[in-house]
Structure formats: structure tokens, C-alpha cells
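Undergrad: sequence below, structure please.
(one chain, ligands or ions: 1)
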Amino acid sequence: MYLRVMQILDGVLVSAHIKEQIKHEVNEWQTNGGKKPHLAAILVGNNPASEAYVGSKVKHCEELGFDSTLLRFEKDITESFLISEVERLNNDDTIDGILVQLPLPGHISGDSVINAISPGKDVDGFHPISLGKMLLGQPTFLPATPYGIMLMLEYYKIDTAGMHCVIIGRSNIVGTPMTILMSRASNPGNATVTMCHSKTKNLKEITLTADIIIAAIGRPKYVTADMVKPGAIIIDVGINRIDDPTKKSGSRLVGDVDFDNVAPLCSYITPVPKGVGLMTICGLMKNTLLAAKQAKELIG
Ligand code: NAD
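TA: Numbering: from 1, shown residues only. Model prediction:
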């Protein structure tokens with residue numbers, strides 16, 4: 001019989017700890033002559049979720065002693081104009097990190113815009129050079145969400161070596177890089193990884209063999225209690241807004257995991273909100289600080 005008490009992987013607690021470390025590092029960096037890390041965020045259009053994400057990133061810059069610049073553009077700007085703006089930021093020595101909030105409007109290729117970011121300023125870790133270096137295990141900017149999840153597992157000293165990790169979702173920004181990080185020879189890592197996606201057959205049979213499930217699907221409460229082995233570790237990346245007439249706003253956020261029914265079964269679980277989302281910001285901020293330090297080495 002399974003007796004271990006379930007523990008919440010608390011994004012508020014862990015992100016507060018990491019933010020203190022970053023603040024300390026920024027202070028030390030400035031004391032030694034470094035300049036404030038400076039993040040430039042690009043927002044196209046006025047998608048409410050994107051506005052909220054970018055707003056939070058800018059707010060975190062202030063909190064951590066970074067400079068930030070928010071560039072907002074109408075949703076009908078051209079791809080070539082957006083790329084020229086990215087190039088302008090690439091050539092601006094006062095900017096250390098550039099992030100382009102996704103998704104972009106349909107007429108703009110996200111790949112082309114991301115490819116235009118200088119790899120040295122790619123603090124979201126989405127550029128092909130960053131992803132290629134990650135694949136090869138070379139030092140680079142890790143994609144912010146997978147990086148944040150690794151920081152969370154590290155904080156709780158969860159030894160994932162030899163575990164079966166089932167990742168649901170194969171996006172370039174979460175699922176795919178997560179498979180690389182969880183399988184590489186590091187701790188956290190060293191897991192045996194299965195990647196599942198929309199064409200996977202018998203998903204439940206696979207998830208029932210998982211010691212860790214990382215769900216990045218974008219479907220509210222998709223991972224249900226009957227899909228989870230007792231004692232499993234659950235990392236819920238999903239952020240889905242569902243109707244909730246009991247809330248003043250008429251809606252609330254839920255993850256890809258049916259938290260209420262899955263939590264009693266598992267050993268560790270991330271809540272939504274206050275879980276992975278906060279860790280993503282930590283990943284981004286750590287990358288921005290790293291970019292500032294690397295720029296100083298390059299520019300002098
Ligand atoms: P995406 O929307 O690009 O892709 C979803 C993935 O889920 C696809 O790879 C698809 O194959 C898979 N999928 C869809 N239906 C499936 C099914 N029935 N069975 C198995 N797999 C299925 O994914 P994304 O951009 O990685 O986002 C996933 C979720 O994570 C979204 O809710 C998003 O809002 C959220 N997200 C959260 C953070 C965070 O910081 N917490 C960061 C990024 C994304």
C-alpha cells in the first residue's frame with residue numbers, strides 16, 4: 001500500500017528562493033562594475049494572456065534590479081518590420097536579452113523572428129543555436145520553462161536517475177527540450193524518457209508506467225487519476241482558462257492535470273497557478289543575467 005504523504009511543489013516558495021539568489025548575484029555583479037541586466041520584450045497585438053505574461057516579466061525585472069524595455073506593436077505590423085526591430089535590439093549594446101512573446105499573429109513566421117535574434121541575447125532559449133547547444137550538452141540558454149522545471153526538481157532534491165519520465169506534448173518550447181534535459185547525464189536528469197503526443201496510442205497504458213509525468217498539452221484537466229501510478233511525480237505545465245461562474249471574473253486557470261483527483265495519489269505535484277509558471281520566469285531571469293555577464297566578457 002502507498003503511504004507517502006503528497007507534497008506540493010510550490011512555485012511561490014522556490015521562485016522566491018531563486019529570486020533572492022538572483023538579486024544577490026545582480027548586486028554582486030554591479031558592485032564589481034557590471035551594469036544592470038537589461039531585458040527587451042516584444043509584444044505584438046493585444047492578446048490578453050500575452051499581455052499578462054509580458055507584464056509579469058517586466059514586473060519581475062523591476063523586482064530583481066534589472067532594466068526592461070517593452071516594445072509594443074500593432075497586430076498588423078509586417079514580418080520584415082518586426083525582424084528589423086529585432087536586429088536593432090541585437091545591435092544595441094545596452095540590451096542583454098531579447099524575448100518575443102509568442103504566439104505571433106498568423107501572417108508572421110515565429111521561426112523567422114526567433115531566428116533573427118542574436119544567439120547571445122536569446123534568453124528564451126528558442127533560437128536553433130541555443131537548442132542545438134542544449135542537445136549537445138554545451139553551455140547555453142536553456143528554454144525558460146524546461147529550465148524552470150529542472151530548477152524546481154533540483155530545489156526539492158528529487159533524484160530522477162533511472163525513473164521513467166513520460167512527457168506529454170512535443171512543442172519546441174516545452175515538450176521536446178524537456179525530453180532532452182530529463183534524459184541527459186545530470187541530476188535532475190538520467191531518466192528513461194518517453195515522449196507522447198497527439199498521435200500516441202494507448203496514452204493511459206504509458207502514463208500508468210510513469211514515475212514522473214510532465215504534462216504540456218494545453219487541454220484542461222486532461223490527465224486524470226486513472227492515468228497515474230500511485231506515488232508518481234506530476235509536473236503540470238498547462239495553463240488553461242475555464243469558465244467558473246463562482247469567480248468574479250467568470251473564469252479561472254487550471255492545468256493539464258485534474259489536480260483535485262490526481263493530487264491525493266501522487267508523491268509530488270505542481271499546482272496551477274503558482275507552479276511551473278513562476279519557475280519559467282526564474283529561468284528567463286537567470287538567462288538574462290547570464291546574457292549580461294557574457295556580453296561584458298565579449299564587449300569588455
Ligand atoms: P503546444 O500547444 O504547442 O502543443 C501541445 C502539445 O500537446 C502538442 O505537441 C500535441 O502533440 C500534444 N497533444 C495535444 N493533444 C494531445 C492528446 N490528446 N494526447 C497527447 N498529446 C496531445 O504546447 P505548448 O506550447 O508546449 O503548451 C502546452 C501547455 O503549456 C499550454 O497550456 C500552454 O499554455 C502551457 N505553457 C505553460 C508555460 C508555463 O510557464 N507554465 C509555458 C509554456 C506553455
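Undergrad: which outside residues touch the host helix or strand of Leu70?
TA: Element membership for Leu70 (DSSP states H and E) is strand 67-73. Strand 67-73 has contacts (Cβ atoms under 8 Å, 6 or more residues apart in numbering) with 36-45, 54, 57-58, 61-62, 81-82, 85, 89, 94-95. From N, CA and C alone the C-beta is placed, and that goes for glycine too.
Undergrad: filter those residues to the buried ones?
TA: 36-45, 54, 57-58, 61, 82, 85, 89, 95 (16 or more other Cβ atoms under 10 Å).
Undergrad: secondary structure element holding Arg170?
TA: Here Arg170 is assigned to no helix or strand, by DSSP H and E.
Undergrad: what separation do you get for it and the ligand?
TA: Arg170 sits 4 Å away from the ligand, taking Cβ to the nearest ligand atom, to the nearest Å as the criterion.
Undergrad: check Gly137 too.
TA: For Gly137, the distance to the ligand equals 22 Å [Cβ to the nearest ligand atom].
Undergrad: before we move on, what about Leu136?
TA: To the ligand, Leu136 is 22 Å away according to Cβ to the nearest ligand atom.
Undergrad: name the nearest residue to the spatially most central residue of the chain, ignoring sequence neighbours.
TA: By Cα atoms, centre = their mean, the mean C-alpha position of the chain lies nearest to Thr145, the distance being 1.4 Å. With sequence-adjacent residues excluded and distances taken as Cβ to Cβ, 6 or more residues apart in numbering, Thr145 is closest to Thr280, at 4.5 Å.
Undergrad: so Thr270 touches Ile233, yeah?
TA: No - taking contacts as Cβ atoms under 8 Å, Thr270 lies outside contact range of Ile233: 9.2 Å.
Undergrad: ok, those two, which is more surrounded?
TA: Thr270 (28 against 23; other Cβ atoms under 10 Å).
Undergrad: sorry, back to before: any idea which element the residue nearest to Thr145 lies in?
TA: helix 276-299.
Undergrad: is any part of that helix close to the ligand?
TA: Yes - counting by Cβ under 6 Å from any ligand atom, the ligand is contacted by helix 276-299 at 276-277, 280.
Undergrad: tell me the buried residues in that helix?
TA: 276-292, 295.
Undergrad: and stretch 59-79, which residues are buried?
TA: Using 16+ other Cβ under 10 Å as the burial criterion, the residues of stretch 59-79 that qualify are 60-61, 64-69, 71, 73, 77, 79.
Undergrad: what sits against the nearest residue to Glu25 once chain neighbours are set aside?
TA: Leaving out its chain neighbours, the residue that sits closest to Glu25 by Cβ to Cβ, 6+ apart is Leu289, at 6.2 Å. Taking Cβ under 8 Å, 6+ apart, we find Leu289 in contact with 22, 25-26, 29, 37, 66.
Undergrad: can you list these in CSV and add pLDDT, distance to Ser186 and secondary structure?
TA: Below are those laid out as CSV (pLDDT from 0 to 100; distance: Cβ to Cβ, whole Å; DSSP: H, G, I helix; E, B strand; the rest coil):
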residue, pLDDT, distance to Ser186, secondary structure
Ile22, 97, 21, helix
Glu25, 96, 21, helix
Val26, 96, 26, helix
Trp29, 94, 26, helix
Pro37, 97, 25, coil
Phe66, 97, 27, coil
